[in-house]
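Asker: Next input, structure requested:
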Amino acid sequence: MGLLLLVAILVAAFFAFQFLASEKTESGAITEAAQKVGDAAADVGDAAQKAVD
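Answerer: Sure, this is the predicted structure:
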């Protein structure tokens, strides 16, 4: 009984760590995409300023 409980806990921990790693990867991708959008907006703003000058 105790061994079965230990195996169940280990399997649950494995899946929990896999889920957390997946969430971290997804958050990193979203952060990178947001940074690229911000950089593109800055480039558009710079181009608009140069067009006015």
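
Asker: Residue 35: which element?
Answerer: Under the criterion of DSSP states H and E, residue 35 resides in helix 2-52.

Asker: Where does the prediction get shaky in this protein?
Answerer: The chain contains no residues with pLDDT under 70.

Asker: Next, work out how far apart the spatially most central residue of it and residue 21 are.
Answerer: Against the mean C-alpha coordinate of the chain, by C-alpha atoms, centre = their mean, the closest residue is residue 27 at 1.5 Å. Per C-beta to C-beta, to the nearest Å, residue 27 is found 11 Å from residue 21. For every residue, glycine as well, the C-beta is placed using N, CA and C.

Asker: now residue 15
Answerer: Distance, residue 15 to residue 21, using C-beta to C-beta: 11 Å.

Asker: Then residue 13?
Answerer: Residue 13 is 13 Å from residue 21, by C-beta to C-beta.

Asker: again, but for residue 1
Answerer: With distances taken as C-beta to C-beta, residue 1 is found 31 Å from residue 21.

Asker: Looking at the two, which is more packed in?
Answerer: residue 21 (10 against 5; other C-beta atoms under 10 Å).
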